[in-house]
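Chemist: Compute the structure for the input listed below.
(chains A, B, C and D)
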There are 2 protein chains.
Amino acid sequence: MSKSPNDSDARSSGLGRERISEAEHAVMEVLWDRGTASAADVCEAVCETRDWSLATVKTLLSRLVQKAAIETRPDGRRYLYSPVIARDEYVGGESRRLVDRLFGGRAASLVAHLAQSEALTDNDLAEIEALLKELKQ
Amino acid sequence: MSKSPNDSDARSSGLGRERISEAEHAVMEVLWDRGTASAADVCEAVCETRDWSLATVKTLLSRLVQKAAIETRPDGRRYLYSPVIARDEYVGGESRRLVDRLFGGRAASLVAHLAQSEALTDNDLAEIEALLKELKQ
DNA sequence: GCGCAATGTTTACAGGCGTAGTCGATATGA
DNA sequence: TCATATCGACTACGCCTGTAAACATTGCGC
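Modeler: Numbering: from 1, shown residues only, chains lettered A, B, ... in the order given. Take a look at the predicted model:
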């Protein structure tokens, strides 16, 4: 037995991979989008929609730095922030978490569920079909 | 202020649908599995694997009752607990949350991601294909 | 009848998260 | 040069979560 199903997480890399919270994730999205941004930039991108103050963004950025999810480069008297972890990596991790937790690790079950609960439009189905075709080669 | 633009959450139904935490979810799984169980039953099912004490299970059960995710029926001097919300409902909700958050609501993108990140085995692919075929009828 | 074991209730407490105010330094424009 | 705007750092604070101990009640075996 290689331990419980969890803790398979890639702590292996030595890179401290801490969990990113919901609010932090919103900030990450901005950084993934721009590649690099100042705190003010990030706020400009999200403060309105999420109804946040600049202070909130600053806090989230600090926490993300602590979690080693982003890094800073000094630019004059301010910082430019940029992602350390790739979006794909994050998305993959989160997806896998969900599949593990809710579908016993079987991704096909997830797809089945989406399909049966009609969360998939005809368009989705067509897209997936195309994907499958591509993958089979 | 009606908060953020999302809040599509079904608070509409009057049914208090509060978010179920990770630990609480583990308890839910037991109840979904058995349909009905006492605190001791639940503990028997999860305390070892999760390394919990009975007290912890009791707390989680109480919180789930508060959140109206489960209900109690007295059975002698104890309670029998059973789920109020269906597993499918929960799973669907969580899946949709993820798809919304990470894939802009496009479920096909999730499948694409799983495929490209090789989270799908050949078996998964075959299964999905079969599913699609079925759905197309 | 009485102690004990089992059960739900109450209380606890540390750590994470959402949200933000305050503070000290500093670039900047007048 | 001096006020001001800006920036990151530090502090705050209430709620949620994980984890559990202490407590009160009560049915049960003896």
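
Chemist: doesn't A:Trp52 make contact with A:Cys43?
Modeler: Yes - counting by CB atoms under 8 Å, A:Trp52 is a contact partner of A:Cys43 at 7.2 Å. Heads up, the C-betas are built off the backbone N, CA and C, glycines and all.

Chemist: Which of those two has more residues huddled nearby?
Modeler: A:Cys43 (22 against 19; other CB atoms under 10 Å in any protein chain shown).

Chemist: Okay, buried residues for the helix or strand of chain A with the lowest mean pLDDT please.
Modeler: Counting by mean pLDDT, DSSP states H and E, chain A has its least confident helix or strand at helix A:122-135, which shows a mean of 83. Neighbour-count burial for helix A:122-135 flags A:Asp124, A:Leu125, A:Glu127, A:Ile128, A:Glu129, A:Leu131, A:Leu132, A:Leu135 (criterion: 16 or more other CB atoms under 10 Å in any protein chain shown).

Chemist: try stretch A:94-101
Modeler: Per 16+ other CB under 10 Å, stretch A:94-101 contains these buried residues: A:Glu94, A:Ser95, A:Arg96, A:Leu98, A:Val99, A:Arg101.

Chemist: Which single one of the residues you listed is nearest to A:Ala37?
Modeler: When those are compared for distance to A:Ala37 (CB to CB), A:Glu94 wins out at 22.1 Å.

Chemist: Now that closest one: closest residue in space that isn't a chain neighbour?
Modeler: B:Leu102 (6.1 Å; CB to CB, 6 or more residues apart in numbering or on different chains).

Chemist: pLDDT value on A:Ser13, please?
Modeler: We have a pLDDT of 42 for A:Ser13.

Chemist: Which secondary structure elements does the longest helix anywhere in chain A sit against?
Modeler: For chain A, the longest helix by residue count, based on DSSP state H, is helix A:87-103. Judged by 3 or more CB pairs under 8 Å, 6 or more residues apart in numbering or on different chains; DSSP states H and E, helix A:87-103 is in contact with helix A:22-34, helix A:107-116, helix B:87-103, helix B:107-116.

Chemist: what does chain A put close to chain B?
Modeler: A:4, A:22, A:25, A:49-51, A:88, A:91-92, A:94-96, A:98-99, A:101-103, A:106-108, A:110-115, A:117, A:119-120, A:123-125, A:127-129, A:131-132, A:135-136 (CB under 8 Å from any CB of the partner chain).

Chemist: neighbours of A:Gly92, just the number please.
Modeler: 18.

Chemist: Skip the chain neighbours and tell me the closest residue to it.
Modeler: B:Ser117 (4.8 Å).
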